[in-house]
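S.K.: Sequence first, predicted coordinates after that:
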Amino acid sequence: MKPVWLIERGVYGTQAAAVANEVRRQGMTCFEVDYRPGKLPPDDIRGAEFLPDDACVVLWGTLPLLRQIQLYRSWVPGGWCDVTKLDCSIYYAWFGPYLLNGQYTILPGVEAIRLQERIYAEFGSDDEVFVRPSGVHKIFTGTVAYSDDFRHAIAPSRYDPESLVVIAKPREMKSSRHRVIVTMAPFRSPGAARPKCWPIRQKWCDRCNGGRTTCS
């Protein structure tokens with residue numbers, strides 16, 4: 001089953017055209033779409049109104065659009081992301097050796113404010129620490145915060161005692177890269193046996209799936 005690729009418009013800049021060209025080079029179809037929050041299907045995803053409920057679809061887009069597909073579409077694979085697994089408090093333990101901010105702590109925002117002096121003594125560099133939300137639904141933007149601005153930087157987390165923040169030593173970055181794998185590997189229909197992992201993902205599947213040899 002050949003998937004139809006949907007790329008969210010206006011998100012990835014010039015990278016979108018490069019990925020779209022590679023998708024089409026491999027014989028698959030690709031369309032740019034616009035997410036329209038608040039609209040009901042099929043008007044919520046402009047550019048995908050023609051796709052049937054049982055379509056084979058791959059999305060490259062933002063989390064809000066992914067969640068919309070999970071909630072209101074039956075596309076396969078569609079949105080297969082488990083957002084709970086993208087919480088730093090979950091995956092940092094598995095990917096610790098590969099983290100840019102490997103020296104970190106995770107704690108509730110209100111507790112971080114209470115322990116601010118201790119945090120800056122342990123993780124501060126030139127009176128700065130890196131701070132970001134632990135959850136994938138970013139209630140504030142990750143940033144490097146001076147001690148005088150710390151409370152303001154994590155302000156949205158102060159109103160929910162269960163809202164966790166990541167505090168880490170700041171690191172200098174000259175550039176960042178994101179990799180998108182475009183492949184004609186087959187997608188399974190609902191109820192079909194799960195395919196074996198692609199070799200490039202096998203070591204991560206072994207780590208995250210407890211040694212199983214199939215992707216979830």
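M.R.: Sure thing, it's come through.
S.K.: longest helix anywhere in the protein?
M.R.: Secondary structure of the chain per DSSP state H: the longest helix is helix 14-25.
S.K.: Go ahead and name everything in contact with that helix.
M.R.: 5, 7, 9, 12, 29-30, 32, 60, 178, 180, 182 (C-beta atoms under 8 Å, 6 or more residues apart in numbering). The C-beta positions use only the backbone N, C-alpha and C, and glycine is treated the same way.
S.K.: Next, the buried residues of that helix.
M.R.: For helix 14-25, a neighbour-count test (16 or more other C-beta atoms under 10 Å) marks 16, 19-20, 22-23 as buried.
S.K.: what element comes up after it heading to the C-terminus?
M.R.: Where DSSP states H and E defines the elements, the next helix or strand beyond helix 14-25 is strand 29-35.
S.K.: what pairs with that next one, and is each one parallel or antiparallel?
M.R.: Each strand paired with strand 29-35, and its direction, by DSSP bridges: strand 4-8 (parallel), strand 45-46 (antiparallel).
S.K.: Could you give the separation of it from the chain centroid?
M.R.: The chain centroid and the centroid of strand 29-35 are separated by 19 Å, computed with C-alpha atoms, centre = their mean, to the nearest Å.
S.K.: Extract the C-alpha trace of it and format it as PDB.
M.R.: What follows is strand 29-35, C-alpha atoms only, in PDB (Å, rounded to 0.1, in the frame of the first residue of the first chain):
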ATOM      1  CA  THR A  29       2.000  11.100  -3.700                       C
ATOM      2  CA  CYS A  30       2.600  14.300  -1.600                       C
ATOM      3  CA  PHE A  31       0.400  17.300  -0.800                       C
ATOM      4  CA  GLU A  32       0.800  20.400   1.300                       C
ATOM      5  CA  VAL A  33      -2.000  20.900   3.800                       C
ATOM      6  CA  ASP A  34      -3.200  23.700   6.100                       C
ATOM      7  CA  TYR A  35      -4.500  22.900   9.600                       C
END
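S.K.: Give me the angle between that strand and helix 14-25.
M.R.: With axes from the mean of the first three to the mean of the last three C-alpha atoms, to 10 degrees applied, the angle from strand 29-35 to helix 14-25 works out at 140 degrees.
S.K.: can you list contacts of strand 29-35?
M.R.: When contacts are defined by C-beta under 8 Å, 6+ apart, strand 29-35 is touched by residues 2, 4-10, 16, 19-20, 23-24, 44-48, 61-62, 64-65, 68.
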